[in-house]
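> Here is a sequence with its predicted model. Questions after.
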Amino acid sequence: MAALAWLLIPLVAAVGAGLWGSWANRTRKARSDGPELDGYARFREAMEKPGSGARGA
């Protein structure tokens, strides 16, 4: 009986991990990467602008 209990622990952990993974991934399909990509585009534009920083001093 003790061996059965030790075999059930990883099984319950695997089922729990699968449920958590599917729950964590459900919101990923609902929202796109739009805000992150917009922020990255603004960052690139800011880095490409010639500024008055200490670059090339």
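Noted; the coordinates are in hand. Residues are numbered from 1 along each chain as shown.

> all helices for the protein, in order.
2-30, 34-48 (DSSP state H).

> export those to JSON lines and tack on mean neighbour count and mean pLDDT?
Every C-beta, even on glycine, is put in place using the N, C-alpha and C of the backbone. Below are the helices of the chain laid out as JSON lines (neighbours: other C-beta atoms under 10 Å; pLDDT from 0 to 100):
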{"stretch": "helix 2-30", "mean neighbour count": "9", "mean pLDDT": "88"}
{"stretch": "helix 34-48", "mean neighbour count": "9", "mean pLDDT": "88"}
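
> Tell me the spacing between residue 36 and residue 42.
Per C-beta to C-beta, to the nearest Å, residue 36 is found 11 Å from residue 42.

> Please disregard the earlier target; I meant residue 17.
Residue 17 is 37 Å from residue 42, by C-beta to C-beta.

> go on, residue 22?
Residue 22 is 33 Å from residue 42, by C-beta to C-beta.

> Over to residue 14?
Residue 14 is 42 Å from residue 42, by C-beta to C-beta.

> How about residue 7?
The value you get for residue 7 to residue 42, if C-beta to C-beta is used, is 53 Å.

> Please apply the same query to residue 23.
Distance of residue 23 to residue 42, given as C-beta to C-beta: 32 Å.

> same thing with residue 20?
34 Å.

> can you check residue 2 too?
To residue 42, residue 2 is 59 Å away according to C-beta to C-beta.

> cool, residue 21 as well?
32 Å.

> Same question for residue 12.
46 Å.

> what does residue 8 give?
From residue 8 to residue 42 the distance is 51 Å (C-beta to C-beta).

> How about residue 48?
Taken as C-beta to C-beta, the span from residue 48 to residue 42 is 11 Å.

> How about residue 49?
From residue 49 to residue 42 the distance is 11 Å (C-beta to C-beta).

> Can you show me the CA trace of stretch 22-42 as PDB?
C-alpha atoms of stretch 22-42 as PDB (Å, rounded to 0.1, in the frame of the first residue of the first chain):
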ATOM      1  CA  SER A  22      -3.800  24.800 -19.400                       C
ATOM      2  CA  TRP A  23      -5.200  27.400 -17.000                       C
ATOM      3  CA  ALA A  24      -2.200  29.600 -17.400                       C
ATOM      4  CA  ASN A  25      -2.200  29.400 -21.200                       C
ATOM      5  CA  ARG A  26      -5.900  30.200 -21.500                       C
ATOM      6  CA  THR A  27      -5.400  34.000 -21.300                       C
ATOM      7  CA  ARG A  28      -2.600  34.000 -23.700                       C
ATOM      8  CA  LYS A  29      -4.900  33.200 -26.600                       C
ATOM      9  CA  ALA A  30      -7.300  35.900 -25.600                       C
ATOM     10  CA  ARG A  31      -4.800  38.800 -25.700                       C
ATOM     11  CA  SER A  32      -2.300  39.300 -28.400                       C
ATOM     12  CA  ASP A  33       1.200  40.600 -28.300                       C
ATOM     13  CA  GLY A  34       0.100  44.000 -29.500                       C
ATOM     14  CA  PRO A  35       1.000  46.100 -26.500                       C
ATOM     15  CA  GLU A  36       4.400  44.500 -26.100                       C
ATOM     16  CA  LEU A  37       5.200  44.900 -29.800                       C
ATOM     17  CA  ASP A  38       4.100  48.600 -29.700                       C
ATOM     18  CA  GLY A  39       6.300  49.200 -26.700                       C
ATOM     19  CA  TYR A  40       9.200  47.600 -28.400                       C
ATOM     20  CA  ALA A  41       8.700  49.700 -31.500                       C
ATOM     21  CA  ARG A  42       8.700  52.900 -29.400                       C
END
